[in-house]
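Q: No letters, just coordinates:
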């Protein structure tokens, strides 16, 4: 149903690619989980604080985790499930992909551009 950002098939050849993602702040003490069909644009919106609400209030501007979902219904379901998880479970999910909690935004832009050219 879900795959890591490093994938062997090519989902970007379809019209829409759907993502579930997590953002955090400088201190890494808050996590925001969201879903989108345009990861780069959505993260840019969070970074520029153009989206009012949680990420703006808590300055959650660092992309620390993301995955591709088969469709938007799956992405929304995964988002809702993750939002109900304990914080420790979310931390484990992030650390499996990103042990240092680095901002993955630049990496995501490169990976998605490479996949689009594939």
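A: The structure has been received and is ready for your questions. No experiment lies behind these values; they were computed from the predicted model shown.

Q: Helix or strand: which one has the residue nearest to the spatial centre of the chain?
A: Ranked by distance to the mean C-alpha position of the chain (Cα atoms, centre = their mean), the top residue is residue 21 at 1.9 Å. Element membership for residue 21, per DSSP states H and E: strand 18-24.

Q: Also residue 64?
A: Going by DSSP H and E, residue 64 is in strand 62-69.

Q: Ok, residue 33 next?
A: Assessed by DSSP H and E, residue 33 sits inside strand 31-36.

Q: Can you tell me the strand partners of that strand and which way each runs?
A: strand 18-24 (antiparallel) (DSSP bridges).

Q: Report the buried residues of the partner strand.
A: 18, 19, 20, 21, 22, 23, 24 (16 or more other Cβ atoms under 10 Å). All C-beta spots, glycine's among them, are computed from the backbone N, C-alpha and C.

Q: same question, stretch 43-51
A: Quick answer for stretch 43-51 (16+ other Cβ under 10 Å): 43, 46, 47.

Q: and stretch 95-103, how far apart are its ends?
A: 12 Å (Cα to Cα, to the nearest Å).

Q: Which of the residues in it are classified as buried?
A: For stretch 95-103, the neighbour count (16+ other Cβ under 10 Å) marks 98, 103 as buried.

Q: How far away from the center of its chain is it?
A: Taking Cα atoms, centre = their mean, to the nearest Å, one finds the center of stretch 95-103 at 12 Å from the center of the full chain.

Q: For residue 53, see how far away the closest residue to residue 51 other than its chain neighbours is.
A: Nearest non-adjacent residue to residue 51, counting by Cβ to Cβ, 6 or more residues apart in numbering: residue 45, 5.0 Å away. Distance, residue 45 to residue 53, by Cβ to Cβ, to the nearest Å: 11 Å.

Q: before we move on, what about residue 114?
A: Residue 114 is 32 Å from residue 53, by Cβ to Cβ.

Q: where does the protein dip in pLDDT?
A: 1-15, 118 (pLDDT under 70).

Q: hmm, try it at 50
A: Within the chain, the segments meeting pLDDT under 50 span 1-14.
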